[in-house]
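*Asks:* please work out how this folds:
(2 chains)
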Amino acid sequence: MNDTLNGRGDDPPARRWLFVGAVLVETAVILALWAFARYFGG
Amino acid sequence: MSPDPRALIPGSPDPWPLIPDPCMHLVDWLVIAAYLVWIVTDGLRRTRASREVDGYFLANRSLPWWAVGLSVMATQLSAVTLVGTTGQGYADGLRFVQFYFGLPIAMVILSFTVVPFFYRAKVYTAYEFLEKRFDAKTRALASLLFLLSRGLACGVTISAPAVVLSIVLGWNLTLTVLAIAIPTALYTMFGGVQAVAWTDVKQMGVVVSGVVLAVIMLVAGLPHEVSVPEALRLAGVSGRLHAIDFKFDLNETYTFWSGLIGGLFLMLSYFGCDQSQVQRYLTSKSIDEARSSLMMSAYVKIPLQALILLTGVLVFVFYLFTEPPMLFNASQQARVAASPRAAEYTGLEREFSASFAERRRAALRLSETERDDNGAALGDARTALVASDARLKAIRGRAATLVREVSGDARYNDVNYVFPTFVTTELPIGLVGVIIAAIFAAAMSASAAEMNSLATTTVIDVYRRHVRQQAPDAHYLLVSKLATGFWGLFAAGAAIYAASLGSLIEVVNRFGSFFYGSLLGVFVLAIGARRATGRGAFWGLIAGMTAVAAVAFTTHVSFLWHNVVGVVVVVAVGMALSYTDVGGRRGTGAGAGHRT
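*Replies:* Numbering: from 1, shown residues only, chains lettered A, B, ... in the order given. Now for the predicted structure:
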């Protein structure tokens, strides 16, 4: 496969914080939902 | 809400012409009309920027990440989500939010895999990429499956809200379908993907505004003696706030694990392999902006879905203090009231009213007990609310059974009518129009993207590939507009037909679930397995769909796990066949590196 197909090569620098942040935010939201339910008696 | 006498003619799906409904004030009509004019005008003025195929299908790769991100979200957030999810929140609480737990991880994975692959391959469609990687028959099969499943799904996207609106508002069903489909098809046909994306941006604004306004009105509608924390506690005691279920049960749809793992595969399939989403991020200015557009959903989708579910929960709390209709589908309610079992129904209504009064007293007593911090009485008060809620639910269940027996509709369920009924009966003039416009916006934004992607696949993967391979750009542009118009008409026709055949909606959704996971498997082979060949991909796809069908029809495994089955079978069968396909491995795929 050539470079056009394999997608490798010079990709623009991925901003790691964007991706790590998404996982952290999701974790925080899930914990918040759990805590919300616990606090209000769910 | 009183029964609609116009629905008393049995067996007639469309008995009445369009007449004004008492729920809709002139101001509400003006709000909806203004919204439709605004959106269609905005979409049509994009025509100038869509004068060639690249502009029409890919916006000349010029759209900023935030517009693409909002378009991605608007495409996924259909009226079925808006109306159904609020109803889900009312009936079942926040559990449905788990369905989206796999989405952020899916977006991260897609950002590193398909986004750079598709973008650098300079394709118009995801399936075009499959011919570059494998062969023409794999591309043809994948695009055909997409056209079939998405074409029918586009009808469902329009049909589902049209049915609900036509019953709640007393509108003629056919005209309701056309009121959604025609403006959408118009601006999509003439404005192309630019019109789709920029109207999506505005429509997301309308949808979110509608949801926020509904929440504000629900909070404002609480009795003076009940504060917001007390209201939430009432919801919690009633089990509506239980959002996370860590149980591992393959037969249970809404758990943490089914959402995280099964949902991950579903979201990878949908956002990575479905042209209606792929085309969104192919319009971005760069790979980086395409990634950012997907990552917007990763951050915002779960909180937004939680808010929509919470709206349904707040509707439940509202109806703790204001008597709701026993059944929210006025059409079925009127049908039973006109049947030989009307006396039985009337008896149930009396029981319902008495039981509601009891539940209301229990809710107020619980709030008062918590305010007084009376620990001894708190347990009793909670038990009383839970018990009275269960009694009311049982009466509703008996009423629903009566409807099923009278109407013959075994699948009767009025959960989709809860929010529209609340809106049309409890909200002030003007705000009803805003929320109905939001439902229109959700339906139109999703179906516009679907029509546009269907036209793209039709022209690029079918017409230009197999019918007429060398033609001027102007010719393809004309065919693209005609294809969009065709799919708009098809969607409207499918919607009108689907509305009278509830089982068709189920068939469409099931077909989609057979297809999604298996198609993801093909792209996993395409991108992740250098040794995979066209023969392996093609027959692997068929094996995957067969396996999913077998699981769906012979087990009770939740549909969220079907995508996992599809991917695993496609990759396993595809790799096995590829290893035996010596001739296929020697080739580099038809037209490798050549843009068709």
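*Asks:* what segments of chain A are helices?
*Replies:* Assigned by DSSP state H, chain A shows helices spanning A:3-6, A:16-39.
*Asks:* possible to save those as JSON lines with mean neighbour count and distance to chain B?
*Replies:* Where C-beta positions appear, they are placed from N, C-alpha and C, glycine not excepted. Listed next are the helices of chain A as JSON lines, based on neighbours: other CB atoms under 10 Å in any protein chain shown; distance: least, CB to the nearest CB, whole Å:
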{"stretch": "helix A:3-6", "mean neighbour count": "15", "distance to chain B": "5"}
{"stretch": "helix A:16-39", "mean neighbour count": "15", "distance to chain B": "4"}
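*Asks:* lowest average pLDDT across those helices?
*Replies:* Mean pLDDT is lowest for helix A:3-6 out of the helices of chain A, coming in at a mean of 40.
*Asks:* can you tell me the closest non-neighbouring residue to residue B:105?
*Replies:* Sequence neighbours aside, residue B:264 is the residue nearest to residue B:105 in space, at 5.6 Å (criterion: CB to CB, 6 or more residues apart in numbering or on different chains).
*Asks:* which residue of chain B lies farthest from its centroid?
*Replies:* When distances are taken from the C-alpha mean of chain B, residue B:376 lies farthest, 45.8 Å away, according to CA atoms, centre = their mean.
*Asks:* can you tell me the helix or strand for that one?
*Replies:* Assigned by DSSP states H and E, residue B:376 belongs to helix B:375-407.
*Asks:* for residue B:197, same thing?
*Replies:* In the assignment (DSSP H and E), residue B:197 maps to helix B:173-220.
*Asks:* is that helix up against chain A anywhere?
*Replies:* No: judged by CB under 8 Å from any CB of the partner chain, helix B:173-220 stays clear of chain A, getting no closer than 14.8 Å.
*Asks:* if we can go back for a sec, ok, now how distant is the residue farthest from the centre of chain B from chain A?
*Replies:* The spacing between residue B:376 and chain A, counted by CB to the nearest CB, to the nearest Å, is 17 Å.
*Asks:* same question, residue B:78
*Replies:* Residue B:78 is 22 Å from chain A, by CB to the nearest CB.
*Asks:* swap in residue B:459?
*Replies:* Residue B:459 sits 22 Å away from chain A, going by CB to the nearest CB.
*Asks:* verify the stated contact: residue B:53 with residue B:473.
*Replies:* Yes: using CB atoms under 8 Å, residue B:53 makes contact with residue B:473 at a distance of 5.4 Å.
*Asks:* neighbour count winner among those two?
*Replies:* Between residue B:53 and residue B:473, counting by other CB atoms under 10 Å in any protein chain shown, residue B:53 is the more crowded of the two (21 against 13).
*Asks:* and that one, how far is that from residue B:172?
*Replies:* Distance, residue B:53 to residue B:172, using CB to CB, to the nearest Å: 38 Å.
*Asks:* one more: residue B:199?
*Replies:* 25 Å.
*Asks:* tell me the buried residues in stretch B:284-304?
*Replies:* Buried residues in stretch B:284-304, counted by 16 or more other CB atoms under 10 Å in any protein chain shown: B:284-285, B:287-304.
*Asks:* average pLDDT for that stretch?
*Replies:* Here the average pLDDT along stretch B:284-304 is 95.
*Asks:* cool, stretch B:246-266 as well?
*Replies:* The pLDDT scores in stretch B:246-266 average 88.
*Asks:* okay, buried residues for it please.
*Replies:* Here stretch B:246-266 shows B:253-266 as buried, counting by 16+ other CB under 10 Å.
*Asks:* now stretch B:312-324
*Replies:* Buried-residue list, stretch B:312-324, by 16+ other CB under 10 Å: B:312-321, B:324.
*Asks:* ditto for stretch B:33-52
*Replies:* Neighbour-count burial for stretch B:33-52 [16+ other CB under 10 Å]: B:35-36, B:39-40, B:42-44, B:46-47, B:49-50.
*Asks:* take those and keep only those in helices.
*Replies:* If you go by DSSP H, the buried residues of stretch B:33-52 have B:35-36, B:39-40, B:42-44 in helices.
*Asks:* will you turn those residues into CSV that also has distance to residue B:499 and pLDDT?
*Replies:* What follows is these, written out as CSV (distance: CB to CB, whole Å; pLDDT from 0 to 100):
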residue, distance to residue B:499, pLDDT
B:35, 23, 95
B:36, 21, 94
B:39, 23, 94
B:40, 23, 94
B:42, 29, 92
B:43, 25, 91
B:44, 28, 90
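*Asks:* and those residues as CSV, adding distance to residue B:165?
*Replies:* Formatted as CSV, these follow (distance: CB to CB, whole Å):
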residue, distance to residue B:165
B:35, 14
B:36, 14
B:39, 17
B:40, 18
B:42, 23
B:43, 21
B:44, 24
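*Asks:* now those as TSV including distance to chain A?
*Replies:* Formatted as TSV, those follow (distance: CB to the nearest CB, whole Å):
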residue	distance to chain A
B:35	31
B:36	35
B:39	31
B:40	35
B:42	30
B:43	31
B:44	35
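*Asks:* looking at the residues you listed, spot the one nearest residue B:465.
*Replies:* For those, the residue nearest residue B:465 by CB to CB is residue B:43; the value is 28.3 Å.
*Asks:* which among the buried residues of stretch B:312-324 gets closest to chain A?
*Replies:* Chain A lies nearest to residue B:313 out of the buried residues of stretch B:312-324, by CB to the nearest CB, at 10.0 Å.
*Asks:* doesn't the closest one lie inside a helix?
*Replies:* Yes: counting by DSSP: H, G, I helix; E, B strand; the rest coil, residue B:313 is part of a helix.
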